[in-house]
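Enquirer: Sequence and predicted structure below; questions after.
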Amino acid sequence: MIERAFRRGKPAAVALVINSPGGSPVQSSLIAARIRRLADEKKIPVFAFVEDVAASGGYWLATAADEIWVDPSSVVGSIGVISSGFGFQDLIGRYGVERRVHTAGKSKSTLDPFKPEKAADVKMLNSILTQMHETFTAQVKTRRGKKLAGDAKLFSGEFWLGQASVDLGLADGLGHLIPKMKERLGDDVRFIPYNRKLPFLRRFGVQVMDEALTGIEERAQFARFGL
């Protein structure tokens, strides 16, 4: 979709409509980097319009734009990295289940949820999360530059509503896709939407269960932001 948006004809601009609570930092980085390469190659301005939420990896994607516009009630920010899971060692012990794991390499079973948590494993995980957070922070600082307010809270994982995010420099202002693009490009501007299309047959069989589980996970992510 991104390739088509930039390469079909000579668009005056590309607009990203973002509604995402986040996801993989690597995928966010790859998509944002691809958007920037195409924008620079084609010399096409990019605008991001946030709907309900652009948080964590969703905000990473927004930073690929030259300008970020939000609704007054949009949730923006959450510049941080999270790792979550469960510990089941007491549960399986209660039912007489014995965990058997054999590895070659002492760290191969790191953070096994069926074993008691180890301080060394947590230390290693925190080191990885810190490095990811530094990469995320660098992306925001590089793309938003002097627009950012000098507030330490920016990179704490906290999130804000529309106007507050503008005040902090995370967004450029309050605005919606159609009126803002007409303001910039004229009333006769024509919009060409690019949406993800799933093959009809993928709605059957195992795919239905996979999409159901994905939907539950997605709703849980949105719930973190009260949505």
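Expert: That came through, no problem.

Enquirer: switch to C-alpha atoms for all contacts and neighbour counts from now on
Expert: Noted.

Enquirer: Tell me how many other residues crowd Lys123.
Expert: By other CA atoms under 10 Å, 11 other residues sit near Lys123.

Enquirer: secondary structure class for it?
Expert: Secondary structure, DSSP: H, G, I helix; E, B strand; the rest coil: Lys123 is helix.

Enquirer: what's the pLDDT at it?
Expert: Confidence at Lys123, expressed as pLDDT, is 89.

Enquirer: how near is it to Phe88?
Expert: 20 Å (CA to CA, to the nearest Å).

Enquirer: give the contact list for the residue nearest the centre of the chain.
Expert: Taking CA atoms, centre = their mean, the centroid of the chain lies closest to Gly57, which sits 1.8 Å from it. Gly57 makes contact with Ser20, Pro21, Gly22, Gly23, Ser24, Pro25, Ser28 under the criterion CA atoms under 8 Å, 6 or more residues apart in numbering.

Enquirer: contacting residues for Phe114?
Expert: Neighbouring residues of Phe114 by CA under 8 Å, 6+ apart: Gly87, Phe88, Gln89, Ile92, Arg99.

Enquirer: neighbours around Asp187, how many?
Expert: Other residues near Asp187 come to 11 when the count uses other CA under 10 Å.

Enquirer: actually Phe6, not the one I wrote
Expert: Other residues near Phe6 come to 21 when the count uses other CA under 10 Å.

Enquirer: does it belong to a helix or a strand, and which?
Expert: Following DSSP states H and E, one finds Phe6 within helix 2-7.

Enquirer: who's in contact with that helix?
Expert: Helix 2-7 has contacts (CA under 8 Å, 6+ apart) with Pro11, Val14, Ile35, Leu38, Ala39, Lys42, Ile44, Tyr194.

Enquirer: Ser78 and Ala15, how far apart?
Expert: According to CA to CA, Ser78 stands 22 Å off from Ala15.

Enquirer: of the two, who's got more company?
Expert: Ser78 (24 against 20).

Enquirer: Please list all residues in contact with the residue lying closest to the more buried one once chain neighbours are set aside.
Expert: Distances taken as CA to CA, 6 or more residues apart in numbering place Gly157 nearest to Ser78, at 4.1 Å, with adjacent residues excluded. By CA under 8 Å, 6+ apart, the contact set of Gly157 is Ser56, Gly77, Ser78, Ile79, Gly80, Val81.

Enquirer: hang on, isn't the fourth one packed against Leu154?
Expert: Yep, that's Ile79 we're talking about. Yes: using CA atoms under 8 Å, Ile79 makes contact with Leu154 at a distance of 7.1 Å.

Enquirer: and Trp69, how far is that from Ile31?
Expert: Taking CA to CA, one finds Trp69 at 19 Å from Ile31.

Enquirer: Output stretch 119-127 as PDB, restricted to C-alpha atoms.
Expert: Written as PDB, here are the backbone C-alpha positions of stretch 119-127 (Å, rounded to 0.1, in the frame of the first residue of the first chain):
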ATOM      1  CA  ALA A 119      17.300 -12.000  38.700                       C
ATOM      2  CA  ALA A 120      19.900 -12.500  35.900                       C
ATOM      3  CA  ASP A 121      17.200 -13.000  33.300                       C
ATOM      4  CA  VAL A 122      15.400  -9.800  34.400                       C
ATOM      5  CA  LYS A 123      18.600  -7.900  34.300                       C
ATOM      6  CA  MET A 124      19.300  -9.100  30.700                       C
ATOM      7  CA  LEU A 125      15.700  -8.300  29.700                       C
ATOM      8  CA  ASN A 126      15.900  -4.800  31.200                       C
ATOM      9  CA  SER A 127      19.100  -4.100  29.300                       C
END
